[in-house]
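Q: Turn this into a model:
(one chain, ligands or ions: 1)
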Amino acid sequence: MDFQLTAEQQAFVKSVRSFAAEKLNVDNVERDQDAVFLRELWTECARFGVQGLPIPEEYGGQGADVLTTVLAMEALGEGCRDGGLLFSLNAHLWSAALPLVEFGTTEQKERYLPGMCDGSLIAVHAITEPGSGSDAMALATTARLDGDAYVLDGGKQFITNAPVADVFIVFATVDPGLGWAGITAFFVPRDTPGLTVGSSDAKMGLRTSPTGELSFQDCRIPKHSVLGVPGAGMMIFEYAMRLERACIMASSVGTMQRQLDESVAHANSRQQFGQPIGDFQAVSHMLADMQVRLTASRLLAYRGGWLADQGALEPLEASAIKLYLSEAYLQSSLDTVQVHGGYGIMAEAGIERYVRDAVVGRIYSGTNQMQRNIIAQHLRATT
Ligand SMILES: Cc1cc2nc3c(=O)[nH]c(=O)nc-3n(C[C@H](O)[C@H](O)[C@H](O)COP(=O)(O)OP(=O)(O)OC[C@H]3O[C@@H](n4cnc5c(N)ncnc54)[C@H](O)[C@@H]3O)c2cc1C
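A: Purely as a prediction, here's the structure:
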């Protein structure tokens, strides 16, 4: 067991952090207030190699392992203050691009992956519906086979990147009578007749990551648009969620490092009662707790990447990582505001945003209640 990053990894992390700090902090406060996603920043990330990092070289990527991608996400989270952009990148990578690498046909990979690496295609993973959130397998969107096409009917909501996306991985049932065994994943390009993409929903946090609805009405897609095989939707969903839950919070680890650095600096410089506020135990203990949470989160994030690379990432581990990191991120975001006092609440400082962005972490990729359910189910099944 070696907890030390190699010199090469350290240099890589440094270069990603510098890139993020120099190129990705554009009008953060204003864009958060106005909920603006900048495609130019997406393209900038692609040019640097973010979207292609874990994608095989033959499809335009760099063939990096999951741990290296986790390190990159952490570094992006430290350098870039735009939590929405980071979330959009994470959703594209973990729940769309890598499932395509794992389950797609050569033709599907050749068609979509190069664009997903070079920034010209944004992809989404769409399973949630108005009637099925935590109970994702209760989805009602249908896919009826008609000659050489499937016809999709139904609707999706809360879909990350949908308003700006180019290709959608959509989960629908080919036979509602089969329950989860009928669920199938399909590629639907944005310009497909019968697909309507909603505008971006206003929301509390991650405002620069567009979220929206999809509606399918007599939406015909060729039979070969199935990802994997008919009926494999649940397996693909589980694969995507395992990876996403283990890795999606890695950028928050970087953000927690920045929060800690900012909080320590403020605790040292801000004077009250004739002394730095960090001299008060109540303040310094918040810093200590932030440090402990950060270290634990970092170790868990690296372990998630490492397990994925070993082919040993189990649902229990993935859920535990998502659960712990999202709660740690929220608590450290609250502590950052508290250490900064009234200044922490002012939008201009960019600190209150941490809390709004972090709250959402308890909900996406399965709520934290559902993560506890999964952990408990696996514990009970193995005793
Ligand atoms: C910012 C954001 C981005 C998202 N991106 C995507 C995306 O890209 N693609 C996609 O398909 N979906 C996406 N989602 C949807 C997300 O996965 C769901 O919001 C989430 O799974 C919860 O579903 P729900 O909102 O319908 O809540 P509900 O399922 O209605 O849950 C409401 C409450 O009940 C609790 N609850 C429900 N069932 C149980 C249970 N069995 N045990 C204990 N508690 C329970 C929940 O924990 C929660 O507290 C996104 C959501 C958000 C907020």
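Q: number of nearby residues for the closest residue to the ligand within the stretch 151-300 of the chain?
A: Using CB to the nearest ligand atom, the single residue of the stretch 151-300 of the chain nearest to the ligand is residue 160, 3.4 Å away. No exception for glycine: its C-beta is placed from N, CA and C like everyone else's. Residue 160: 27 surrounding residues under other CB atoms under 10 Å.
Q: I figured it hits residue 91, correct?
A: Yes: between residue 160 and residue 91 there is a contact under CB atoms under 8 Å: 4.1 Å.
Q: which non-adjacent residue is nearest whichever residue of the stretch 1-150 of the chain sits closest to the ligand?
A: The minimum distance from the stretch 1-150 of the chain to the ligand, using CB to the nearest ligand atom, falls at residue 133 (1.7 Å). Leaving out its chain neighbours, the residue that sits closest to residue 133 by CB to CB, 6 or more residues apart in numbering is residue 158, at 7.7 Å.
Q: Show me what the helix or strand hosting the one you found is packed up against.
A: Using DSSP states H and E, residue 158 maps to strand 149-160. Judged by 3 or more CB pairs under 8 Å, 6 or more residues apart in numbering; DSSP states H and E, the packing partners of strand 149-160 are helix 83-92, strand 123-126, strand 142-146, strand 167-173, strand 183-189, strand 211-222.
Q: again, only using 7 Å
A: For strand 149-160, the contact count by 3 or more CB pairs under 7 Å, 6 or more residues apart in numbering; DSSP states H and E identifies helix 83-92, strand 123-126, strand 142-146, strand 167-173, strand 211-222 as packing neighbours.
Q: Please compute how far it lies from its chain's middle.
A: Offset of strand 149-160 from its chain centre (CA atoms, centre = their mean, to the nearest Å): 20 Å.
Q: follow-up on the earlier one: look at the residue nearest to residue 133 and report its pLDDT.
A: At residue 158, the model reports a pLDDT of 98.
Q: returning to what we had before: what's the angle from the strand holding residue 158 to helix 83-92?
A: With axes from the mean of the first three to the mean of the last three CA atoms, to 10 degrees applied, the angle from strand 149-160 to helix 83-92 works out at 150 degrees.
Q: Name every strand pairing with strand 149-160 and say which way it goes.
A: Strand 149-160 pairs in its sheet with strand 142-146 (antiparallel), strand 211-222 (antiparallel), by DSSP bridges.
Q: and the angle from it to strand 183-189?
A: Per the same axes, to 10 degrees, the angle that strand 149-160 makes with strand 183-189 is 90 degrees.
Q: Check what contacts strand 149-160 and list those residues.
A: With CB atoms under 7 Å, 6 or more residues apart in numbering as the test, strand 149-160 has contacts from 87-88, 91, 124, 126, 128-130, 140-144, 170, 172, 186, 209, 211-223, 225.
Q: Ok, stretch 169-185 next?
A: 96, 99, 123-127, 137, 139, 141-143, 145, 152, 154, 156, 186-188, 226-228, 230-234, 236-237.
Q: Need the buried ones from those residues selected in ChimeraX.
A: Those of those that count as buried under 16 or more other CB atoms under 10 Å are selected in ChimeraX with:
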select :96,99,123,124,125,126,127,137,139,141,142,143,152,154,156,186,187,188,226,227,228,230,231,232,233,234,236,237
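Q: just checking: which of the contacts of stretch 169-185 also lie near the ligand?
A: Among the contacts of stretch 169-185, the residues within reach of the ligand (CB under 6 Å from any ligand atom) are 124-127.
Q: which residues touch residue 65?
A: Residue 65 is in contact with residue 309, counting by CB under 7 Å, 6+ apart.
Q: picking up where we left off before, reformat the strands paired with strand 149-160 as a markdown table; add mean pLDDT.
A: Shown next, in a markdown table, are the strands paired with strand 149-160 (pLDDT from 0 to 100):
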| stretch | mean pLDDT |
| --- | --- |
| strand 142-146 | 98 |
| strand 211-222 | 98 |
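Q: For those strands, state which one has the densest average packing.
A: Compared across the strands paired with strand 149-160, strand 211-222 shows the largest average neighbour count, a mean of 20 (mean count of other CB atoms under 10 Å).
Q: Contacts (any at all) between the ligand and that strand?
A: Yes: contact of strand 211-222 with the ligand (CB under 6 Å from any ligand atom) involves residue 211.
Q: Next to the ligand in this structure, residues from the stretch 101-250 of the chain, please.
A: Contact residues, the stretch 101-250 of the chain versus the ligand (CB under 6 Å from any ligand atom): 124-128, 133-134, 158-160, 206, 211.
Q: can you rerun that using 5 Å?
A: Neighbours of the ligand within the stretch 101-250 of the chain, by CB under 5 Å from any ligand atom: 127-128, 133-134, 158-160.
Q: quick one: pLDDT of residue 2?
A: As predicted, residue 2 sits at a pLDDT of 88.
Q: same question, the one 10 residues further on
A: Residue 12 carries a pLDDT value of 98.
Q: Appreciated, that's everything.
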